[in-house]
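**Student:** below are the sequence and a predicted model; questions follow.
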Amino acid sequence: MSETTTFREQSERLSAVIRQTTPLLRDIDDETAAHRPAPGKWSRLEIMGHLVDSASNNHQRFVRAPFADGPFRFPQYDQNRSVELAAWQDMDWDHLVTLWTLYNQTLARVMAHLPDAAADKECRIGTYPPMTLLALVVDYTDHLEHHLKAVLTAAGD
């Protein structure tokens, strides 16, 4: 993370990822989206569902942390169980891409409006080491980009 980054810069970064990625995601057909590369590995549908789960959890973190008295605390979530419970594998691909796009556009707006004074707010997520709210925002897009690479490439297939 650049020491000079801001919430607004991270919002612009996420917005650029959304603009560049959404058309590529729309080019993936249903069969490819549902294909699991190996037993126990997530399909593209499940990876994108995981990214929606991540967006949902991080949305709550981003809107609550600035107003917390003292360090902000939020529970971890079980990624595998969340993906299974939501049954992302059975979701319509176009619907899921639309949901992912709209949710991340919403998060980009939230990031842009986070108060600069909250950048150093300490956040404690489950058992992970403490991090600042700004680091959490940066980590969100890093995580998203990591998974999008797997969705958009044949790696693991």
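**Tutor:** Cool, got the structure. For clarity, every value in this text was computed on a predicted model and none was experimentally measured. Residues are numbered from 1 along each chain as shown.

**Student:** what about the helices in this structure?
**Tutor:** Secondary structure of the chain, counting by DSSP state H: helices at 7-26, 30-34, 44-64, 79-86, 93-113, 133-152.

**Student:** okay, now Gln105: neighbour count?
**Tutor:** Counted with other CB atoms under 10 Å, the burial measure for Gln105 works out to 15 neighbours. Just so you know, the C-beta spots here come from the backbone N, C-alpha and C atoms, and that holds for glycine as well.

**Student:** excluding its backbone neighbours, what's nearest it?
**Tutor:** For Gln105, ignoring the flanking residues on the chain, the nearest one in space by CB to CB, 6 or more residues apart in numbering is Ile18 at 6.1 Å.

**Student:** ditto for Gln76
**Tutor:** Closest residue in space to Gln76, ignoring its immediate chain neighbours: Gly126 at 2.9 Å, by CB to CB, 6+ apart.

**Student:** got the contact list for that neighbour?
**Tutor:** Taking CB atoms under 8 Å, 6 or more residues apart in numbering as the contact definition, Gly126 lies against 74-76.

**Student:** just among the residues you listed, which is most surrounded?
**Tutor:** Neighbours were tallied for each of these (criterion: other CB under 10 Å), and the maximum of 17 neighbours falls on Phe74.

**Student:** does that one touch Gln60 like I think?
**Tutor:** Yes - the criterion here is CB atoms under 8 Å, and Phe74 meets it with Gln60 at 7.0 Å.
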